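Asker: sequence-free structure coming up:
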C-alpha cells in the first residue's frame, strides 16, 4: 500500500511532508527549542487579546476577509476573460456548409465534419452523378431537407480544400473575425 501511495503524486507529497515534519519535530526537541516555541505560540495568542484602538483579533479577521475578497475578485476577473488564440478557430462556413474541426497548437486541422447551415445537423456527402465515372457529390440534410449545390470533385478533394481554406485564414489572420463573432466575450 505504501508503494501505491508513493507512486501517486498527492500521496507521495503527503508522505514526504509527514516525514519532514517528524524530522523537524525530533530535531527541535533534541536541540531544546520547544520551550522557546511554546513561548512564541503563547505570545501570539496573547497578542489577539491585547488592544490597540480596536481589538487585534478583529483586525486579523478583517484583514483575512479583505484578502479573501481580493483573491476572489482577481479569480473571477481572470476566469471570465479568455484570450483569443488560433486554437479557438474550430468552425467556419465554406461552400454552403458549416465545417467543424479540431486544431493543434501548430495549426494542423483534423477531424473535419460538415454540418447543415440551417439546423446544425451533421451531413454527409453522397454521389449525385448519373454516371459512375464522374465524381459529383452533394450534401443533403436528413433533418430539414437542405441540399447544397453539386460539387464536381471527390469528398477527399473537397475536405482538403476546406482544410486549406481554414489554414489560409490562419496564415492571413482573417480567422480572428470568425472567432470574435462566435465568442464576443473573449478578450483580444
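Answerer: That came through fine. All of these numbers come straight from a predicted model, not from anything done at the bench. Residues are numbered from 1 along each chain as shown.

Asker: So which residues of the protein form helices?
Answerer: For the chain, the helices defined by DSSP state H occupy 2-7, 9-31, 34-49, 56-80, 155-172, 175-182.

Asker: Go through these and name the closest to residue 110.
Answerer: helix 155-172 (8.5 Å; Cβ to Cβ). The way it works is simple: take the backbone N, C-alpha and C, and place the C-beta from them, glycine included.

Asker: Of all the residues in that closest one, which ones are buried?
Answerer: Residues 155, 158, 159, 162, 163, 166, 169, 170 are the ones in helix 155-172 that count as buried (16 or more other Cβ atoms under 10 Å).

Asker: dump the residue contacts of the first one.
Answerer: Contacts here follow Cβ atoms under 8 Å, 6 or more residues apart in numbering; on that basis residue 155 touches 125, 137.

Asker: Next one, pLDDT for it please.
Answerer: Looking at residue 155, its pLDDT reads 92.

Asker: Dump the buried residues of helix 155-172 to a markdown table, plus distance to residue 97.
Answerer: Below are those laid out as a markdown table (distance: Cβ to Cβ, whole Å):
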| residue | distance to residue 97 |
| --- | --- |
| 155 | 12 |
| 158 | 9 |
| 159 | 11 |
| 162 | 8 |
| 163 | 14 |
| 166 | 13 |
| 169 | 16 |
| 170 | 19 |
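
Asker: Could you report the distance from the closest residue to residue 128 other than its chain neighbours to residue 155?
Answerer: Leaving aside its chain neighbours, residue 128 sits nearest to residue 138 (3.8 Å; criterion: Cβ to Cβ, 6 or more residues apart in numbering). Residue 138 sits 11 Å away from residue 155, going by Cβ to Cβ, to the nearest Å.

Asker: so what sits against both of these two?
Answerer: Common contacts of residue 138 and residue 155, defined by Cβ under 8 Å, 6+ apart, comprise residue 125.
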